[in-house]
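Student: the sequence isn't on hand, but the structure is:
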């Protein structure tokens, strides 16, 4: 996989893209490879965006990037990204994949970005390469610190799916939203932007079990920290029982979850419930392991 630094870098960026949760985002992909006579008359290029984030299109842009060169003018890319971000409302994240070598002007550009965007920007970095002298880490540390929020990781820390998932979660969901996890696009109901942790029920029961109290609290903490979003709770059942019975049981499960969420501090007016009965199983095999997964209540983050 690591045939050269550029290919390794692109591999990590592709994994990053694959791991981004199903959220409504505006995204951009910008390189910083410097100029090359005739073939590249620019220091930095915006390969994607700024545009609504579409995972497939963003992935195509990653494959299209060809930045092999001798220069790495990160400061030019940061300056350009500052202009990219300025028209946007809300919080933004700059994520840099780089070896951090021979780019001494980058921290000053990061400071200028912070001055321009203030609390609306955080800067993150992924250090590429072995960095035996520590030069790259030192440089990227300065860039990240200029953002006053964000952090740096080594490429080896985000090579795995689990490592990248942790990195992405901290960027896009943050401490207050640690309970949030990406849901498959097909599962999200209309108006939903993300799915939080799910709770599960015993057969033919609708009481929230003690082992899921912490899950409810984590979900409640998310909504208390994100007051612009409401919640939809969907109750689900396994395939056993009649459709009518399961629709009623699913509603009781959703109502029980809603009551627990309210008790954890979320206003009742922000909570809506629905029963999907047995109509939307997450597992379609006819065995107890699958049935257990389908006896649940799902929490969805709704658009403001």
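Tutor: Yep, it's here. Bear in mind that the values here come from a model prediction, so they are computed numbers and not experimental data. Numbering: from 1, shown residues only.

Student: the domain parsing of this protein - what is it?
Tutor: Using automatic domain parsing, the domains assigned to the chain come out as 5-172, 192-302.

Student: now tabulate those domains in a markdown table and tack on mean neighbour count.
Tutor: Placement of C-beta: from N, CA and C, glycine included. Shown next, in a markdown table, are the domains of the chain (neighbours: other Cβ atoms under 10 Å):
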| stretch | mean neighbour count |
| --- | --- |
| domain 5-172 | 17 |
| domain 192-302 | 18 |
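
Student: ok, of those, where does mean pLDDT dip lowest?
Tutor: Of all the domains of the chain, domain 5-172 carries the lowest average pLDDT, namely a mean of 86.

Student: could you pull out the strands in the chain for me?
Tutor: Using DSSP state E, the strands of the chain run over 26-30, 46-52, 92-98, 121-127, 152-154, 192-195, 199-200, 231-236, 271-277, 296-302.

Student: distance to residue 20 added to the ones you listed, as CSV?
Tutor: Formatted as CSV, the strands of the chain follow (distance: least, Cβ to Cβ, whole Å):
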stretch, distance to residue 20
strand 26-30, 8
strand 46-52, 13
strand 92-98, 10
strand 121-127, 13
strand 152-154, 16
strand 192-195, 11
strand 199-200, 25
strand 231-236, 22
strand 271-277, 26
strand 296-302, 15
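
Student: among those strands, which comes closest to residue 11?
Tutor: Closest to residue 11 of those, according to Cβ to Cβ: strand 92-98, at 10.1 Å.

Student: identify the residues contacting the closest one?
Tutor: The contact list for strand 92-98 (Cβ atoms under 8 Å, 6 or more residues apart in numbering) reads 9, 12-13, 16, 32, 72, 74, 78, 81, 85, 113, 117, 120-128, 136, 140, 143, 147, 150, 171-172.

Student: among those residues, which lie within helices?
Tutor: Among those, the ones falling in helices (DSSP state H) are 9, 12-13, 16, 74, 78, 81, 85, 113, 117, 136, 140, 143, 171-172.

Student: next up, phi/psi of residue 286, please.
Tutor: Main-chain torsions, residue 286, degrees, to the nearest 10: phi -100, psi 70.

Student: that one contacts residue 240, doesn't it?
Tutor: No - checked against Cβ atoms under 8 Å, the pair residue 286 and residue 240 is beyond contact range at 9.2 Å.

Student: so how far is residue 229 from the residue lying closest to residue 220 once chain neighbours are set aside?
Tutor: Nearest residue to residue 220, sequence neighbours excluded (Cβ to Cβ, 6 or more residues apart in numbering): residue 264, at 3.5 Å. From residue 264 across to residue 229, the span is 16 Å (Cβ to Cβ, to the nearest Å).

Student: cool, residue 293 as well?
Tutor: 26 Å.

Student: OK, contacts around residue 228?
Tutor: residue 304.

Student: residue 76 and residue 30, how far apart?
Tutor: 10 Å.

Student: from the chain's centroid, how far away is stretch 141-154?
Tutor: 18 Å (Cα atoms, centre = their mean, to the nearest Å).

Student: what's next to the helix ranked longest in the chain, contact-wise?
Tutor: Counting by DSSP H, the longest helix found in the chain is helix 243-263. With contact meaning Cβ under 8 Å, 6+ apart, helix 243-263 is reached by 199, 201, 204, 206-208, 213, 216, 219-220, 223, 231, 233-237, 241, 268, 271, 273-278, 295-297, 299.

Student: go with 6 Å
Tutor: For helix 243-263, the external contacting residues (Cβ atoms under 6 Å, 6 or more residues apart in numbering) are 201, 206, 208, 216, 220, 233, 235-237, 268, 271, 273, 275-278, 297.

Student: what's opposite the residue lying closest to residue 152 once chain neighbours are set aside in the beta bridge?
Tutor: Closest residue to residue 152 in three dimensions, ignoring its sequence neighbours and counting by Cβ to Cβ, 6+ apart: residue 125, at 4.3 Å. Beta-bridge pairing for residue 125 (DSSP bridges): residue 96, residue 152.

Student: for residue 125, what are its contacts?
Tutor: 96, 140, 144, 152.

Student: distance of it from residue 112?
Tutor: Distance from residue 125 to residue 112, by Cβ to Cβ: 17 Å.

Student: for residue 193, same thing?
Tutor: For residue 193, the distance to residue 112 equals 32 Å [Cβ to Cβ].

Student: and what of residue 159?
Tutor: 32 Å.

Student: could you do residue 196 as well?
Tutor: According to Cβ to Cβ, residue 196 and residue 112 sit 37 Å apart.

Student: likewise for residue 274?
Tutor: Residue 274 is 48 Å from residue 112, where distance means Cβ to Cβ.
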